[in-house]
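Asker: 3D, please:
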Amino acid sequence: MSESWKNRLWSMLLVCTFAVVLSVCNKAMDSSSGGSSSGTAFADGSTVTISSLPSITVASSPLPTYSASMFCGDKRSASYNNGVTYYIDCDASDDDSSIIASKTLNYSSTNNANYAYVISHDTAFKNGWKLHKTGGSNGYGYTFVK
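Answerer: A predicted model of the protein is given here:
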């Protein structure tokens, strides 16, 4: 019997807390500016009709625009090429004339190979190219934009 009054007291406390929360939420909705809502909601699953929604303003910045893009398939390390990093297999949308058709580069301390469509890191940036994205699903590829 002693447990029964404790359970009733806890139930009453929960009901009072719920009533205070609903009262505060209702006052907040009534005093909010910039929108209104009306309708009736029931806890038994009845349909709710909303006559209006609050207006929401989202600040946005304009999307960047680019005049050209360039994709390079890979790069060769500066440590094997006299301190110069080279991007290889490059193709630019503006047909950048600084892309070298063919160049021999080192890919290790003892091996070199002839690569097509090469541009140095410094030349790319001097011509206005900005590194936009690196790596694809396989980790290779460099995208530049102007």
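
Asker: quick check: the closest residue to residue 140 other than its chain neighbours vs residue 20, distance?
Answerer: Leaving aside its chain neighbours, residue 140 sits nearest to residue 74 (5.3 Å; criterion: Cβ to Cβ, 6 or more residues apart in numbering). In this view, the C-beta of every residue, glycine as well, is placed from N, C-alpha and C. To residue 20, residue 74 is 65 Å away according to Cβ to Cβ, to the nearest Å.

Asker: who has more neighbours, those two?
Answerer: residue 74 (15 against 10; other Cβ atoms under 10 Å).

Asker: beta partners for residue 105?
Answerer: Applying DSSP bridges to residue 105 yields these beta-bridge partners: residue 113.

Asker: after the lowest-mean-pLDDT helix or strand in the chain, which helix or strand is next?
Answerer: Taking all helices and strands of the chain together, the one with the lowest average confidence (mean pLDDT, DSSP states H and E) is helix 2-31, at a mean of 75. For helix 2-31, the succeeding helix or strand toward the C-terminus, using DSSP states H and E, is strand 69-76.

Asker: all set, thanks.
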